[in-house]
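*Asks:* Make a model of this:
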Amino acid sequence: MEVVLHYRPWQKDPTILRKIAEEALKEFPVRQPPSFRPWFPNHSCKFPFKPKRRPPIISAEEAEQVRPHLAIPGVCGSLSYNCTEGLQEFHSDLKAGQRVQAEFGKINVSNLEKQSTNGGLKLRRSWSVSVPSFDLKDKILPLSRELQSVLESLKLHAFYRARWIIEPCTFNNQTLEDIWVQLNRMIKRNELPSCNATIQRCEEQIWVFCDILYCEYVGNHLRKKLSLGGIMNLFVHGHGVIYSL
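*Replies:* Here you go, the predicted model:
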């Protein structure tokens, strides 16, 4: 504790000033702080916390099986690595046309050069999300008995998320990009309730996510508006394909 003592100019005797300070401090009580006690039992022979299960034990045979994989160069290297090392589209020495070709895989380079001379290539976004709409309540019918029985057997709620998979067997003489453009227009016009979509160019697929409550309406609407053929599968994470249309 710091004590500041103010005195008059003629009171310069240090002994008197010290006595005045000692008398002033006598009014303040002196309290001895209590000794620290930890809230957990402090035992030197055991830890306060113990895991319920013992750590896994690796046998000598399993260690010998893992040892050859640890000797591969690059696996045991530095922890700071370049995650884009094997991705050609992130290399600075590639041209713009080559980067796009590495990403899409099936784009003609000559067409890219023509488009780049006319102002550059504009790539479409790879996802799309719908906004809530209340105008489709009268058009959405209850789920079919077949789908209801599937939900009861799998114990899935009607608001569980699922995805329709639009794959090449359903394109019906269309390209992946053509279907994606039409799908974006449908989502912008709020034709698909509770939907968001992604395009998987590496797998030549489009995934349309929706609640199971609206999945039959969304599937029929996609087939009609996008002129799709073949069979569309409804996929649920953890259960696989649960329904086909």
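
*Asks:* So which bits of the helix or strand hosting residue 242 are buried?
*Replies:* Using DSSP states H and E, residue 242 sits within strand 240-244. Neighbour-count burial for strand 240-244, counted by 16 or more other C-beta atoms under 10 Å, picks out 242, 243. (Each C-beta comes from the backbone N, C-alpha and C, glycine too.)

*Asks:* What is it packed up against?
*Replies:* When contacts are defined as 3 or more C-beta pairs under 8 Å, 6 or more residues apart in numbering; DSSP states H and E, strand 240-244 packs onto helix 145-154, strand 233-236.

*Asks:* Highest mean neighbour count out of those?
*Replies:* Comparing the helices and strands packed on strand 240-244 by mean neighbour count (mean count of other C-beta atoms under 10 Å), strand 233-236 ranks first with a mean of 18.

*Asks:* Show residues contacting it.
*Replies:* By C-beta atoms under 8 Å, 6 or more residues apart in numbering, the residues outside strand 233-236 that reach it are 154, 156, 160-165, 212, 215, 219, 241-245.

*Asks:* Equivalent analysis for stretch 203-215, please.
*Replies:* Contacts to stretch 203-215, defined as C-beta under 8 Å, 6+ apart, come from residues 140, 143, 147, 151, 156-168, 176, 179-180, 183, 192-200, 218, 222, 234, 236, 243.

*Asks:* Now do the same contact list for the closest residue to residue 139 other than its chain neighbours.
*Replies:* Leaving out its chain neighbours, the residue that sits closest to residue 139 by C-beta to C-beta, 6 or more residues apart in numbering is residue 217, at 7.0 Å. Contact partners of residue 217, counting by C-beta under 8 Å, 6+ apart, are 136, 139, 140, 141, 193.

*Asks:* Select from the residues you listed the one having the most neighbours.
*Replies:* Counting neighbours by other C-beta atoms under 10 Å, residue 193 comes out on top of those with 22 neighbours.

*Asks:* Hmm, that residue is touching residue 216, no?
*Replies:* No - applying C-beta atoms under 8 Å, one finds residue 193 not in contact with residue 216, separated by 11.8 Å.

*Asks:* all helices in the chain, in order from the N-terminus.
*Replies:* Assigned by DSSP state H, the helices in the chain fall at 14-25, 60-70, 96-104, 109-117, 145-154, 176-188, 215-225.

*Asks:* for the second one, packing partners?
*Replies:* The criterion is 3+ C-beta pairs under 8 Å, 6+ apart, and there are no helices or strands that helix 60-70 contacts.

*Asks:* Counting neighbours, which bits of that helix end up buried?
*Replies:* Buried-residue list, helix 60-70, by 16+ other C-beta under 10 Å: empty.

*Asks:* ok so, going back, format the contacts of residue 217 as TSV; extra columns: pLDDT.
*Replies:* Converted to TSV, the contacts of residue 217 look like this (pLDDT from 0 to 100):
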residue	pLDDT
136	68
139	73
140	78
141	80
193	84
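
*Asks:* if we take the residues you listed, which one ends up nearest to residue 11?
*Replies:* Within these, the smallest distance to residue 11 is 88.0 Å, found for residue 193 (C-beta to C-beta).

*Asks:* Dump the contacts of residue 217 into CSV; add distance to residue 11 as well.
*Replies:* Shown next, in CSV, are those (distance: C-beta to C-beta, whole Å):
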residue, distance to residue 11
136, 91
139, 96
140, 93
141, 99
193, 88
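
*Asks:* Farthest pair within these?
*Replies:* Every pair of the contacts of residue 217 checked by C-beta to C-beta; the farthest is 141 and 193, at 12.7 Å.

*Asks:* hang on, the earlier thing: packed most tightly, which of the helices of the chain would that be?
*Replies:* The most buried one of the helices of the chain (mean count of other C-beta under 10 Å) is helix 215-225, showing a mean of 19.

*Asks:* Just the CA trace of that one, in PDB.
*Replies:* What follows is helix 215-225, C-alpha atoms only, in PDB (Å, rounded to 0.1, in the frame of the first residue of the first chain):
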ATOM      1  CA  CYS A 215     -39.100 -33.900 -51.600                       C
ATOM      2  CA  GLU A 216     -41.900 -35.500 -53.800                       C
ATOM      3  CA  TYR A 217     -43.100 -32.100 -55.000                       C
ATOM      4  CA  VAL A 218     -39.500 -30.900 -55.600                       C
ATOM      5  CA  GLY A 219     -38.600 -34.100 -57.500                       C
ATOM      6  CA  ASN A 220     -41.700 -34.000 -59.800                       C
ATOM      7  CA  HIS A 221     -41.200 -30.300 -60.400                       C
ATOM      8  CA  LEU A 222     -37.500 -30.800 -61.300                       C
ATOM      9  CA  ARG A 223     -38.400 -33.700 -63.700                       C
ATOM     10  CA  LYS A 224     -41.100 -31.600 -65.400                       C
ATOM     11  CA  LYS A 225     -39.300 -28.200 -65.700                       C
END
